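A.B. asks: below are the sequence and a predicted model; questions follow.
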Amino acid sequence: MTKLRFLLAALVLCFCSTLVAQAQIQRTFVSTTGTDAGNCVPSAPCRSFNYALTQTAAGGEVLALTTGGYGPMTITQSVSIISPDGIYAGITAFSGDAVTINAPGEVVVLRGLNINRQGTGNIGITVTAVGVLHVERCVVSGFASTGIRALLTASADIFIKETIVRNNAGSGISIIGPTGSGTVARVSMVNTRSERNGSTGFSFLGNVEGTLDRCLSSGNTGIGFTVATTASGTVAEVNAESCVASNNSSGFLVTSSTGGGTARLRVARSVATNNITGFRQFGTTSVFRVLAGTNLVEGNGTDKDGTITAVGTDTNP
């Protein structure tokens with residue numbers, strides 16, 4: 001009898017788990033006229049992104065149907081959160097963080113979102129674990145700390161494209177890579193702007209391999225673009241092409257502390273102007289290289305400080 005009861009209980013649990021799995025669907029919808037109930041289909045959308053996530057299958061999509069605010073959310077699965085062209089989908093944090101991503105090994109896409117703070121909102125997008133993150137055509141503004149921060153302990157790939165991060169009290173975009181052997185944050189940013197933040201515009205620390213293309217850092221209280229290491233054995237390496245740093249403390253900075261790993265910054269076809277310092281290299285294990293004859297570093301308080309090494313020649317017409 002005991003065995004029979006155990007078997008029946010196991011069958012009921014399996015059946016209930018199957019129903020839950022079946023209840024989640026591949027594509028869900030939110031609207032300002034929706035309610036957080038049901039499974040968020042187009043004819044009966046939900047009200048918040050956070051609830052819609054509970055109804056969305058792993059690897060699915062959540063789409064905004066109407067202009068409005070959809071509240072902070074925590075993402076723990078593979079998913080795409082999408083605001084289509086012509087629709088304003090806002091995420092406002094009155095306290096804490098607006099978007100929290102803790103999804104080890106998963107693929108997360110944020111597209112077309114406007115993320116801002118009212119009250120004591122701390123960070124716009126905070127990432128503690130992810131496999132692959134895509135941030136596309138988003139605006140992140142006004143937070144008490146950082147606009148976008150990744151604080152990673154494992155390898156990840158981060159892609160940020162056509163995004164604006166502005167008016168945050170701390171850094172605009174901060175990528176803190178893992179420090180363990182064989183781990184790295186691979187980062188690509190294209191046509192992204194970091195403007196009038198209270199600290200650094202773009203910051204890279206720890207094990208990072210970064211590529212910047214057509215990015216602008218302007219009006220930040222701190223450094224425009226900084227690459228740094230502080231932990232022994234770590235390597236931070238960033239390549240910047242066609243980027244602009246203006247009206248910051250330093251435009252482009254590479255720095256390392258004694259015994260704190262290796263930092264490398266390579267800059268090509270870029271501009272540093274109206275900064276306190278244009279190009280700056282600091283630390284015995286930091287390396288600053290530029291593609292000879294392609295950068296404009298002029299009009300700064302000090303144009304170049306430290307060892308700036310020119311390499312190669314520009315073969316483009």
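C.D. replies: Good, I have the coordinates.
A.B. asks: in the stretch 201-317 of the chain, which spans are strands?
C.D. replies: 202-205, 208-213, 216-218, 225-229, 235-241, 244-246, 250-256, 262-268, 271-273, 277-282, 286-291, 296-297, 302-305, 308-311 (DSSP state E, counting those that start in this stretch).
A.B. asks: who touches the host helix or strand of residue 63?
C.D. replies: According to DSSP states H and E, residue 63 maps onto strand 56-64. Applying CB atoms under 8 Å, 6 or more residues apart in numbering, the contact partners of strand 56-64 are 24-31, 40, 49, 52-53, 70, 77-84, 87, 89, 106-107. Where C-beta positions appear, they are placed from N, C-alpha and C, glycine not excepted.
A.B. asks: list the buried residues of that strand.
C.D. replies: Of the residues in strand 56-64, those scored as buried under the neighbour-count criterion (16 or more other CB atoms under 10 Å) are 56-57, 60-64.
A.B. asks: please export the C-alpha coordinates of it as PDB.
C.D. replies: Provided in PDB are the C-alpha atoms of strand 56-64 (Å, rounded to 0.1, in the frame of the first residue of the first chain):
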ATOM      1  CA  THR A  56       7.100  32.400 -21.400                       C
ATOM      2  CA  ALA A  57       8.900  29.200 -22.400                       C
ATOM      3  CA  ALA A  58      12.700  29.200 -22.300                       C
ATOM      4  CA  GLY A  59      14.000  30.800 -25.500                       C
ATOM      5  CA  GLY A  60      10.700  32.600 -26.100                       C
ATOM      6  CA  GLU A  61       9.800  36.300 -26.600                       C
ATOM      7  CA  VAL A  62       7.900  38.900 -24.700                       C
ATOM      8  CA  LEU A  63       6.600  41.800 -26.900                       C
ATOM      9  CA  ALA A  64       5.000  45.100 -25.900                       C
END
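A.B. asks: from the contact counts, what lies against the following helix or strand past it?
C.D. replies: In the C-terminal direction, the helix or strand that comes right after strand 56-64 (DSSP H and E) is strand 68-69. With contacts defined as 3 or more CB pairs under 8 Å, 6 or more residues apart in numbering; DSSP states H and E, the packing partners of strand 68-69 are strand 89-96.
A.B. asks: within the sheet, what are the partner strands of the strand it packs on, with directions?
C.D. replies: Using DSSP bridges, the strands paired with strand 89-96 are strand 68-69 (parallel), strand 113-121 (parallel).
A.B. asks: quick check, pLDDT for the nearest residue to residue 142 once chain neighbours are set aside.
C.D. replies: With CB to CB, 6 or more residues apart in numbering as the measure, residue 117 is the residue that lies nearest to residue 142, at 4.5 Å, once sequence neighbours are left out. pLDDT, residue 117: 97.
A.B. asks: surely residue 117 and residue 146 touch.
C.D. replies: No - assessed by CB atoms under 8 Å, residue 117 is found out of contact with residue 146, at 11.3 Å.
A.B. asks: overlap of the contact sets of the two?
C.D. replies: Overlap of the contact sets of residue 117 and residue 146 (by CB under 8 Å, 6+ apart) consists of residue 124.
A.B. asks: coming back round to it: check contacts around the residue nearest to residue 142.
C.D. replies: Counting by CB under 8 Å, 6+ apart, residue 117 touches 92-94, 98, 124, 141-144.
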